[in-house]
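*Asks:* generate coordinates for the sequence data below:
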Amino acid sequence: MNIDNIYFVLEIIGTVAFAVTGVIVAFDEKMDALGAVVLGLVTAVGGGILRDIILGYLPPAAFRVPLFSIIALVTSAVSFVIAYFVGRRIREHNTRWFGILNIFDSIGLAAFTVGGVNAAHACGFAENSFLCIFVGVLTAVGGGVLRDIMAGRVPGILKKRVYAIAAIIGACIYQGLFELTDISKPLIIITGISSVLIIRLLATIFKWNLPSLKNTDD
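*Replies:* Residues are numbered from 1 along each chain as shown. Got it, this is the predicted structure:
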């Protein structure tokens, strides 16, 4: 299996995982079937749509090649049905369920981070480091931000978890290796993906969080 096929598989896994997280938020907010499917779709493809708008790639890839949108819709619908009928049982195994989901979510974050940087390169902006890194991070976290806003929540990346930080570091490593070394592109992609995965998994295991402001009235 070549690097393109590996990356394609990772993107599918990430799309599925992100769609499921959207349905979980909808489940927590007691949304109906349509709300759950829409939230799952937005989580899975929202970051890519924002990326393409910034890069001027219009209509966005989610509409030109709807494969990932279809995968997100099907995953969201299936997830809603499962949550509707066995959601209470899932809650009984909450820790195990979220542990598995977090692994897939981390794979998606890594794949979309590198994919975002790759998209910027493909559009002719390879020498603009800031844009490439920004687009990579936006691709990875944009869908989750849109999901939380639509659900009436403060976006999770602004108040907890080493999540966006992992994407930022991964995008910087990818762009840095591309600009400063002669390493082959497949190896750079693997390194970028691995760096995001390692940071995310370590943050989960050791419960890393950034310092947060405390309410002085408490």
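*Asks:* show me the contact partners of stretch 157-177.
*Replies:* 106, 109-110, 113-114, 116-117, 129, 132-133, 136-137, 140-141, 144-145, 156, 183, 188-189, 191-193, 195-196, 199-200, 203, 208-210, 212 (Cβ atoms under 8 Å, 6 or more residues apart in numbering). (Glycine included, C-beta is placed from N, CA and C.)
*Asks:* how does it look with 7 Å?
*Replies:* Contact with stretch 157-177 is made by 109-110, 113-114, 117, 129, 132-133, 136-137, 140-141, 144-145, 156, 183, 188, 191-192, 195-196, 199-200, 203, 208-210, 212, as judged by Cβ atoms under 7 Å, 6 or more residues apart in numbering.
*Asks:* and the longest helix seen in the chain, what's buried?
*Replies:* Across the chain, the longest stretch assigned as helix under DSSP state H is helix 94-122. The neighbour-count check on helix 94-122 (16 or more other Cβ atoms under 10 Å) flags 102-121 as buried.
*Asks:* ok, stretch 69-80 next?
*Replies:* Within stretch 69-80, the residues scored as buried using 16+ other Cβ under 10 Å are S69, I71, A72, L73, T75, S76, A77, S79, F80.
*Asks:* ok, stretch 27-44 next?
*Replies:* Neighbour counts over stretch 27-44 (16+ other Cβ under 10 Å) mark F27, M31, G35, A36, V37, V38, L39, G40, L41, V42, T43, A44 as buried.
*Asks:* can you count the residues close to T204?
*Replies:* T204 sits with 17 neighbouring residues when counted by other Cβ atoms under 10 Å.
*Asks:* should've said A164
*Replies:* A164 has 21 nearby residues by other Cβ under 10 Å.
*Asks:* distance check, it against F8.
*Replies:* Per Cβ to Cβ, to the nearest Å, A164 is found 25 Å from F8.
*Asks:* next: I198.
*Replies:* With Cβ to Cβ as the criterion, I198 and F8 are 22 Å apart.
*Asks:* so Y57, which of the three states?
*Replies:* What DSSP: H, G, I helix; E, B strand; the rest coil gives for Y57 is coil.
*Asks:* where does the nearest residue to it once chain neighbours are set aside land on pLDDT?
*Replies:* Distances taken as Cβ to Cβ, 6 or more residues apart in numbering place C123 nearest to Y57, at 6.2 Å, with adjacent residues excluded. As predicted, C123 sits at a pLDDT of 90.
*Asks:* phi first, then psi, for C123.
*Replies:* Dihedral pair for C123: phi -90, psi 0, per degrees, to the nearest 10.
*Asks:* tally of neighbours for it?
*Replies:* 17.
*Asks:* can you check R89 too?
*Replies:* By other Cβ under 10 Å, neighbour count at R89 equals 10.
*Asks:* show me what the strand or helix carrying it is packed against.
*Replies:* Assigned by DSSP states H and E, R89 falls within helix 67-92. Counting contacts by 3 or more Cβ pairs under 7 Å, 6 or more residues apart in numbering; DSSP states H and E, helix 67-92 is packed against helix 3-28, helix 33-55.
*Asks:* the first one: which residues count as buried?
*Replies:* Of the residues in helix 3-28, those buried under the neighbour-count criterion (16+ other Cβ under 10 Å) are 7, 10-27.
*Asks:* residues in contact with S106?
*Replies:* L197, R200, L201.
*Asks:* for it, give me the pLDDT.
*Replies:* 85.
*Asks:* what about E127, which SS state?
*Replies:* From three-state DSSP, the assignment for E127 is coil.
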